[in-house]
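# Fold the following.
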Amino acid sequence: MKKLVAVFGPGNVPADDVLYREGEHLGALLATAGFAVVTGGYDGVMCAASKGAREAGGQAVGITAEVYYARGREANEYLTREVRVKSATDRLMELLDLPDAWIAIGNSTGTLAEVAMAWDYITKGFLPQKPILLIGESWKGFVDYVSSQPKFAPWLSLIQYRETPESA
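You can find the predicted model right below:
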């Protein structure tokens, strides 16, 4: 079975944005390396990573929620498989449970919540230890802050900062 890597990122990034292109490149890199990409299944970075994975011959799994469909959101067109759950909470739990690693590229409140929940659930023993990679300048301040706090020291090795998709 292929290893799964979740890609977290903002859903409001247009296709002509640099971050979208980086997300697309990340998806392609992951697929080329033999990973299946898992995302929240919608627009922005989620779409970009799915597109990159598909165009590189890989798989793109989207975890979507009925609550979003009720609000008019549709899954992106690049998914090879859609896993539809009932609620936003169920969606988050699937995004935390399924993958073998998490990568966040770009930042938004949702992306920050996903990263924080993954890290928190590992520290509490609710999830096994898996890598969390944070890509790009938008994560540098976060990494600098948690690195400066002694209370986070036992868990810092779980988070890795990278400047680019290639370095991840």
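# and Leu26, what does it touch?
For Leu26, the contact set (C-beta atoms under 8 Å, 6 or more residues apart in numbering) comprises Val7, Ala48, Ala49, Gly52, Ile103, Ile105, Ile135, Pro165, Ala168. Any C-beta I mention is one placed from the backbone N, CA and C, and that applies to glycine too.
# Return the two entries of these that lie farthest from one another.
Largest separation among those by C-beta to C-beta: Ala48 and Ala168, giving 14.7 Å.
# Of the two, give the one with the bigger neighbour count.
Ranked by neighbour count (other C-beta atoms under 10 Å), Ala48 and Ala168 place Ala48 first, with 30 against 20.
# which residues sit against the helix or strand hosting that one?
In this structure, Ala48 sits in helix 45-55 according to DSSP states H and E. Contact partners of helix 45-55, identified using C-beta under 8 Å, 6+ apart, comprise 7-11, 13, 15, 19-31, 36-37, 39-41, 59-60, 62, 76-80, 105-106, 111.
# Run me through the strand neighbours of the following helix or strand past that helix, direction for each.
Elements were assigned by DSSP H and E; along the chain past helix 45-55, the next helix or strand is strand 60-65. Strand 60-65 has its sheet partners listed here by DSSP bridges as strand 36-39 (parallel), strand 81-85 (parallel).
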